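Participant: Sharing a sequence plus its predicted fold:
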Amino acid sequence: MNVRNPITGQSDRPLAPIPPDRLAAVAAGLRERAPAWQNADRGAVLARFGAALADDDALLSALVADTGRVGESLLERRLVAALIDRWVRQAPALLAPPAERPASLPGVFVAGDVVPYELAGMITPWNLPLLLGLIDAVPALAAGCTVLVKPSEVTPRFIEPLMRLVPADLPLSVVEGDGATGAALVDLVDAVVFTGSVETGRQVAQAAARAFVPAFLELGGKDPAIVLAGADLGRAASAVLWGGTANAGQSCQSIERVYVAREVHDEFLDRLVAEARQVGLTCEGGPIGPLIKPGQEDVIAAHLADAVAKGATVHTGGGIERHGGGHWCRPTVLSGVDHGMLVMTEETFGPVLPVMAVSGPGEAVALANDSVYGLSAAVFAADEEQARAVAARLQAGAVSINDAGLTALVHEGEKNSFRLSGLGGSRMGPASIGRFLRRRAFLVNRSDAADPWWHSTKE
């Protein structure tokens, strides 16, 4: 298999999957290092890794080559450095043993500690290869796990420069491979995190069940934005445009459908269209990068064709373009859409914003919840109280209030993915580290007397 360059469209780099026996050896080597790592000054080691990563130009160049976009690659590198710094600061308190307390039985006391898995595995996606490659690995390392990461075969170029930055005393291995490599990884680790499609997520969950290891799944999304009457329409248009087109819409938390109160629909649409027309492609000096994954252009084109055939109006963009060999899609705004169209119900994963008029909050909530996904959402209203009242009725794990896509930048809020968008503990917030720990209780009896429930025996 060759890896395609998203800018040139050429398959110019062979994929070099790690052989199965070598993968097993890497896993075994990491597992041997677990005891030493659990007793190491992990914060100091992670801090050195974060400092090395923060300004490394070779890593940045590889990310740009993998994805074809510049702005988001810079943002990824900055977010990962901040991610490492946050876990270095927060982990010690989160890993502290609970205070000893008396139990309900007289004379018995309860204490405990936390025990990290020896080896955690990550199978990570192509759309944000560095950030999503390490967003789970860093808390796992901070918890005391050793970590094995297999990024997507679509974007492997960043692996080599990243591994050059990994300190020798940090038990982190990032390996190149394909789907078979990921499947083999599940059988080698004690816990697995997968980020990607629902289809593959089901396969990972089944494999993890057979291996009897926990699986944490972060899957797809079809995030709605709701704009109520009275909202700041200028702010809503700018936020929705960014939330739906950043990374060319190739993010699971992208805004993929917009429901707007009928009385402000036309004004909002005009504002959104006017702003979208000003946002260009990276190849023209704008922020919208190319489509990264081969074949994604066909999905976007099919959704647009289906919408147009069923009566949608295209205001901006509206098709796949070829520049320099790569596939591109301009910010595309549609109106006249409904839930009979693919673009309103299936994951498009492109910079496409279909806008639908609704009668009020009730219809907006009903349509927003009319989805198999429940990753995140956004609500814009005249005031925070009104927005939060609507947000509380949404079947989504996180809701941005008077903004969009905040989960990409704000990682402090604990959340679960609803419906087919995921399974398992929170990836965000302090609880994230708990996915890689088991809690152990010490039940201490300090009484000298015999327990009354013991068997009666003769002296």
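Facilitator: Yep, it's here.
Participant: Could you count how many residues lie near residue 109?
Facilitator: Applying other CB atoms under 10 Å, we find 14 residues neighbouring residue 109. Every residue, glycine included, has its C-beta placed from N, CA and C.
Participant: what's across from it in the sheet?
Facilitator: For residue 109, the beta-bridge partners are residue 102, residue 444 (DSSP bridges).
Participant: got it, and residue 225?
Facilitator: Counting by DSSP bridges, the residues bridging with residue 225 are residue 258, residue 378.
Participant: That one contacts residue 378, doesn't it?
Facilitator: Yes. With contact defined as CB atoms under 8 Å, residue 225 counts as touching residue 378 (4.2 Å).
Participant: Tell me which of these two has more neighbours.
Facilitator: Using other CB under 10 Å, the more surrounded residue of residue 225 and residue 378 is residue 378, with 32 against 27.
Participant: Tell me the pLDDT of that one.
Facilitator: Predicted confidence (pLDDT) for residue 378: 98.
Participant: likewise residue 459?
Facilitator: Per-residue pLDDT puts residue 459 at 62.
Participant: now do residue 456
Facilitator: pLDDT for residue 456: 89.
Participant: same thing with residue 156?
Facilitator: On pLDDT, residue 156 comes in at 98.
Participant: measure the residue nearest to it when sequence neighbours are not counted to residue 150 for me?
Facilitator: Leaving out its chain neighbours, the residue that sits closest to residue 156 by CB to CB, 6 or more residues apart in numbering is residue 176, at 4.8 Å. Counting by CB to CB, to the nearest Å, the gap from residue 176 to residue 150 is 8 Å.
Participant: Who has more neighbours out of these two?
Facilitator: Ranked by neighbour count (other CB under 10 Å), residue 176 and residue 150 place residue 150 first, with 29 against 18.
Participant: who does that one bridge with?
Facilitator: On DSSP bridges, the residues paired with residue 150 through beta bridges are residue 123.
Participant: Name the residues contacting each of residue 225 and residue 378.
Facilitator: Common contacts of residue 225 and residue 378 (CB atoms under 8 Å, 6 or more residues apart in numbering): 240, 243, 255, 404.
Participant: Could you find the closest non-adjacent residue to the second one?
Facilitator: Nearest-residue entry for residue 243: residue 404, 3.0 Å, with adjacent residues in sequence omitted and distances by CB to CB, 6+ apart.
Participant: Hmm, the one you found is touching residue 376, no?
Facilitator: No. Counting by CB under 8 Å, residue 404 stays clear of residue 376, with 9.2 Å between them.
Participant: any common contacting residues for the two?
Facilitator: Common neighbours of residue 404 and residue 376 (CB under 8 Å, 6+ apart) do not exist.
Participant: Poorly predicted segments of the stretch 301-450 of the chain, please.
Facilitator: Counting by pLDDT under 70, the stretch 301-450 of the chain contains no low-confidence range.
Participant: any idea where the strands of it begin and end?
Facilitator: All strands of the stretch 301-450 of the chain, identified by DSSP state E, counting those that start in this stretch, fall at 313-316, 320-323, 326-329, 332-335, 352-358, 373-374, 376-380, 398-401, 418-419, 422-423, 437-445.
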